[in-house]
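Peer 1: Output the structure for:
(2 chains)
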Amino acid sequence: MPTITGRSAVDELPSADGRPPLEADTATTGRLGDRIFGGLAMGSGILVITLVALVGLFLVAQAVPSLLNNNANFLTSREWVPSGADPRFGIVDLLWATIITSILAMLIAVPLGVAVALFITQYAPQWLSKPAATLVDLLAAVPSIVYGFWGLKIAGDYFKPVAEATSSVLGWIPFFRWDGTPSAKSTLAFAGIILAVMILPIVTAISREVFAQVPITHKEGALALGATKWEMIRVAVLPFGKPGIISAAMLGLGRALGETLAVTLLLSALNTSDAFSFSVFGGGETFASRIANDAGEFDSAQKTGAYIAAGLVLFILTFIVNAAARVVIERRKAFSE
Amino acid sequence: MKIQRLGAMASLALVGSIALAGCGSDNNTGSDTGETAASATGAASSDDCFDGTLNAEGSSAQKNAFEEVGAKFSAKCTGATVNYNPSGSGAGIKQFLAGQVDFAGSDSALKTVEKDGKVEADEAAKACGSPAWNLPMVTGPIAVAYNVKGVDKLTLTPAVTADIFQGKITTWNDPKIAAINSGVNLPATAIKVFFRSDESGTTENFTKYLKAAAEANWPGEPAKTWDGKGEGKAKSAGVAEGVKSTDGGITYVEWSYAKDNDLGVAAIDNGAGAVQLSSESVGKAVATAKQTGTGNDLALKLDYATKEAGAYPINLVTYEIVCSKGKDPQKQKNIKAFLTYFGSEEAQKAIEEIGYAPLPTEVQTKVEAAIDAIS
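Peer 2: Numbers count the residues shown, from 1 in each chain, chains lettered A, B, ... in the order given. Predicted coordinates for the structure are as follows:
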C-alpha cells in the first residue's frame, strides 16, 4: 500500500456504492504538498537506513582482513598487539569493562531516575514539578567531558572512603576486592557512578513522560478503593509505566555503553601483565575509551582494522540494546491502546 | 507571516553559508598551493618570510614547541600561517605520505626496516619523488616525575628506576632507593607507578633508555606500548594528573608537564654522578648522539647509557620530516623559511622557556646546513 503520501487503503478501494476510488484533485490527499512532503520524509528515512547499513558495511569490510590475520582468539584473548608480524588481539577485557560499567550505571540510575520521575509527576506540588523537570533535563545538556573532569578533580576524592569501606566489609568476594590500586577515582566502580549521573536525565525524562500519561481514571479508581498514595502508585502508575521504564533503561544503557570522553579521563588502564580481575575496583578500558585513546597512532591498515573490529563489537552491542528497546516500546503501544 | 517565513529562510541561508565557509577553511590543504605560489612570488622580498599557509601534523610531544614557534613566526611574518595538528606521530607520517600535509612531525625517524609490509623511508621517498629527511628540531627531555610527601630531592639509577617501573620495588623507603639517597628522609609510602595507556613515543624512548642503561633489570623490548607495571592513564596530561593527585606516585613524562604540575623531578645517575634535568645537561647528552642517517638525513641515535659527566640521558628527539626536493618549489621554499626560523637561536630559546631543550651547537649547525639544502 502506498501510504507514504498519506493515502490510506480506503482511498484505493471502490466505495460501497460502486464509485471508483478517488483520484488526484478529488481526493483529500495526493496533492503536490502531500507528495513533496511524503517524498522528503521517505527520502530521509531511506537516507538514515542507508547510512546505518553503510556504517555497518564499512566496519565489517575494514575489520575482516585484520581479523583474518589475528593469531589470537578475538573473543576470548586478553592480548592487544594489533600490529606487527604476529598480530594478537582479543576483546575480553574491553567487553568486561564496557559491560560492568554500564550495568553499574543502570543499577544506580534506573531506580533513582524512576524515583525522581515519580516525585515530579505524583508528589511534587505544581510550582515545583516544572522547574525540577527542567533542571533534570539540563543535566543531559552538560557535555560529557565536564562530567569526566568533575569526577576526576572533585567527586573522585569523595569516593575513596566509599571504596575503602566497601572493600573492607565485602572484600572477601572477588567482585569487591581492592588493594588500593588503581586509585579509587580510576576504578570501574567510580566510572559506573559517573555514567549513572550521565544517564540519569534520560531515564528520568522518559519515565516522567510515561507516568504523566497514566489515565487519571486508573489513579482515581485506586484511590476510591481506599488505596494510600504509595499503593495507588504501586497498583496503577508503576504497572502502566513498566514498559516505558524498561525502554528508558535501554536507551540509557545505549548511551552508557558508548560513552567515551568521561570514561577515558577517569579509568586507569591495566598493564599487560595484570591478571584478569573480576573486581569492580579494578582498572580497565572500555571499547570506546581504548579506540579514542589510540586513535592518533593508526598508522597501518592492519592496526586500524583491529580497532575497527572492536568498534564493530560495540556497534553490534548498542544495536542489540536499541533493538531491544524498540521491541519493548512497541509492546507498550499494544498495551495502551 | 510571509515576512516571518522570509526571515527564517534568510537566517537559514546565513547559517548555511557560515557552515560551508567553515568547511572550506578546514580543508584547504590541497587547494591553497596555487594561491600561495601566486601571492608569494609577488610579495616575498626576502627568503625569511612568505605569504600563505603551511600545514604540518604529527607528534603531540612537540605540539607546544610548534605552537610557540608558529605563533612567533606569524608575528614576524604577517601573512604566514603555520598549522600543526598534534594527532600523533603515526597519523602525521601517514598524512605526509598521502600528501595531505606539507611536512610531518614525529617522535622517531622514518623507519628503514619493514613494518606491516611497508618501509616508511621508501614510501616517503616515493611520495616526495626524492629522499625524505629527518631533521631533529625539538629536544624534549623526559622527566622521571614523582610526588612523595616530604621528599623534594631524589636520585635514581637506571637499575633502580627499572625495578620501580617493573613493580619490584614497592615502597619509597626500600633499601635500594635509600642507598642512593643518603640524607633524604624517605617515607614508607607505597609506590604507585603511572604509565601512558595510549601508544606513545615517550613510552618508546623511556623503555629504550631502561633497556640500554639497565638491561638486566628491564626484560621487555622497547615499544610504544608499555609492558611494565602500574596503572595506565591517557596522554601526558593524564599521567601527570595521576601523579599529582596520588601520594607516592611516579611516572615518566615530558619535562614541561612535570613543571606545569609542580611535580618532583628525579636526578639520574647513569654512573658518573647524579645529573639534574636542565637544558644544559640535556644538550650535553644530545651532543653525544650518533647520526644514523646519511648526508643531510639527520636521524639520530641517542646514547641512553651515556656515562658522560653532566649529561641527562633520558631524552626524546622529535623530528620534522620533509621532502629534500619537493614537487612544488614554492612550497619547499616556504618550508625552508619556516624551518630556518625554527632552527634559529631565537626560536630555540623560546621553546626552552616552555620545557624543551635547545639543540646543542653541533647538531644545530648540521640542521642549518640540511635546511639550506632543501630545494
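
Peer 1: Please count neighbours and contacts with C-alpha atoms only from this point.
Peer 2: OK.

Peer 1: Give me the contact list for stretch B:332-350.
Peer 2: B:47-50, B:54, B:68-69, B:72-73, B:102, B:137, B:325-326, B:357-359, B:364, B:367-368, B:371-372, B:374-375 (CA atoms under 8 Å, 6 or more residues apart in numbering or on different chains).

Peer 1: Please spell out the PyMOL selection for the buried subset of these.
Peer 2: Only the buried entries of the contacts of stretch B:332-350 go into this PyMOL selection, using 16 or more other CA atoms under 10 Å in any protein chain shown:
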select buried, chain B and resi 48+49+50+54+68+69+72+73+102+137+325+326+357+358+359+364+367+368+371+374+375
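
Peer 1: What parts of the stretch 51-200 of chain A come near chain B?
Peer 2: A:83-85, A:181-183 (CA under 8 Å from any CA of the partner chain).

Peer 1: Filter the contacts of stretch B:332-350 down to the ones in helices?
Peer 2: Among the contacts of stretch B:332-350, DSSP state H puts B:68-69, B:72-73, B:364, B:367-368, B:371-372 in helices.

Peer 1: re the thing from before, name only those of the residues of the stretch 51-200 of chain A next to chain B that count as buried.
Peer 2: A:83, A:181-183.

Peer 1: Closest to B:Gly201 out of the residues you listed?
Peer 2: Nearest to B:Gly201 among these, counting by CA to CA, is A:Ser83 at 16.0 Å.

Peer 1: and that closest one, what helix or strand is that in?
Peer 2: Per DSSP states H and E: A:Ser83 is located in neither a helix nor a strand.

Peer 1: For B:Ala287, give its distance to B:Val363.
Peer 2: 7 Å (CA to CA, to the nearest Å).

Peer 1: Those two: who's more crowded?
Peer 2: Neighbour tally, B:Ala287 and B:Val363, criterion other CA atoms under 10 Å in any protein chain shown: the higher count belongs to B:Val363, 21 against 17.

Peer 1: Quickly find the element holding the residue lying closest to A:Leu67 once chain neighbours are set aside.
Peer 2: Take A:Leu67 and drop its neighbours on the chain: the residue closest to it by CA to CA, 6 or more residues apart in numbering or on different chains is A:Ala306, 6.8 Å away. Taking DSSP H and E as the definition, one finds A:Ala306 inside helix A:301-336.

Peer 1: before we move on, back to that, pull the most distant pair out of the ones in helices among the contacts of stretch B:332-350.
Peer 2: B:Glu68 and B:Asp372 (22.6 Å).

Peer 1: show me where pLDDT drops low in the stretch 1-150 of chain A?
Peer 2: A:1-30 (pLDDT under 70).

Peer 1: Can you tell me how far the residue in it that chain B sits nearest to is from A:Ala72?
Peer 2: Distances between the stretch 1-150 of chain A and chain B by CA to the nearest CA are smallest at A:Gly84, namely 5.8 Å. Using CA to CA, A:Gly84 is found at 13 Å from A:Ala72.

Peer 1: show me where the stretch 51-200 of chain A has helices.
Peer 2: With DSSP state H, counting those that start in this stretch as the criterion, the stretch 51-200 of chain A has helices at A:92-118, A:126-141, A:144-150, A:156-170, A:188-212.

Peer 1: now these as JSON lines including distance to A:Ala222 and mean neighbour count?
Peer 2: Shown next, in JSON lines, are the helices of the stretch 51-200 of chain A (distance: least, CA to CA, whole Å; neighbours: other CA atoms under 10 Å in any protein chain shown):
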{"stretch": "helix A:92-118", "distance to A:Ala222": "16", "mean neighbour count": "22"}
{"stretch": "helix A:126-141", "distance to A:Ala222": "22", "mean neighbour count": "14"}
{"stretch": "helix A:144-150", "distance to A:Ala222": "42", "mean neighbour count": "18"}
{"stretch": "helix A:156-170", "distance to A:Ala222": "41", "mean neighbour count": "16"}
{"stretch": "helix A:188-212", "distance to A:Ala222": "15", "mean neighbour count": "25"}
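
Peer 1: Out of the ones you listed, flag the one nearest B:Gly264.
Peer 2: Per CA to CA, nearest to B:Gly264 of those: helix A:156-170, 22.0 Å.

Peer 1: close to chain A, is the strand ranked longest in chain B?
Peer 2: Using DSSP state E to define each element, chain B has its longest strand at strand B:132-147. No: if you take CA under 8 Å from any CA as the test, strand B:132-147 misses chain A, and the best it gets is 14.4 Å.

Peer 1: Show me what that strand packs onto, helices and strands only.
Peer 2: helix B:120-128, helix B:235-244, strand B:249-254, helix B:255-260, strand B:264-265, strand B:315-323, helix B:361-372 (3 or more CA pairs under 8 Å, 6 or more residues apart in numbering or on different chains; DSSP states H and E).

Peer 1: so the closest residue to A:Phe211 other than its chain neighbours is in which element?
Peer 2: Counting by CA to CA, 6+ apart, A:Phe211 lies nearest to A:Gly241, which is 5.8 Å off, once chain neighbours are set aside. A:Gly241 belongs to helix A:238-258 when assigned by DSSP H and E.

Peer 1: if we can go back for a sec, what pLDDT does the residue nearest to A:Leu67 get?
Peer 2: In this model, A:Ala306 is scored at 92, pLDDT.

Peer 1: Can you verify my assumption that it contacts A:Asn69?
Peer 2: No: A:Ala306 is not in contact with A:Asn69 according to CA atoms under 8 Å; the separation is 9.6 Å.

Peer 1: Among these two, which residue is more densely surrounded?
Peer 2: A:Ala306 (31 against 16).

Peer 1: so who does the more buried one touch?
Peer 2: A:63, A:66-67, A:82, A:89.

Peer 1: closest to B:Ser89 among the residues you listed?
Peer 2: For the contacts of A:Ala306, the nearest to B:Ser89 is A:Pro82 (17.0 Å; CA to CA).

Peer 1: Tell me, how many residues neighbour that closest one?
Peer 2: The number of residues near A:Pro82, taken as other CA under 10 Å, comes to 23.

Peer 1: cool, B:Glu346 as well?
Peer 2: So B:Glu346, with other CA under 10 Å, has 12 neighbours.

Peer 1: by how many degrees do the helix or strand containing it and helix B:361-372 diverge?
Peer 2: Using DSSP H and E, B:Glu346 sits within helix B:345-352. Per axes from the mean of the first three to the mean of the last three CA atoms, to 10 degrees, the angle that helix B:345-352 makes with helix B:361-372 is 120 degrees.

Peer 1: Kindly export helix B:345-352 (C-alpha atoms) in CSV.
Peer 2: Provided in CSV are the C-alpha atoms of helix B:345-352 (Å, rounded to 0.1, in the frame of the first residue of the first chain):
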residue,chain,number,x,y,z
GLU,B,345,68.6,30.8,18.2
GLU,B,346,65.6,33.0,18.9
ALA,B,347,63.1,30.2,18.3
GLN,B,348,65.1,27.6,20.2
LYS,B,349,65.4,30.0,23.1
ALA,B,350,61.7,30.5,23.2
ILE,B,351,60.9,26.8,23.4
GLU,B,352,63.5,26.4,26.2
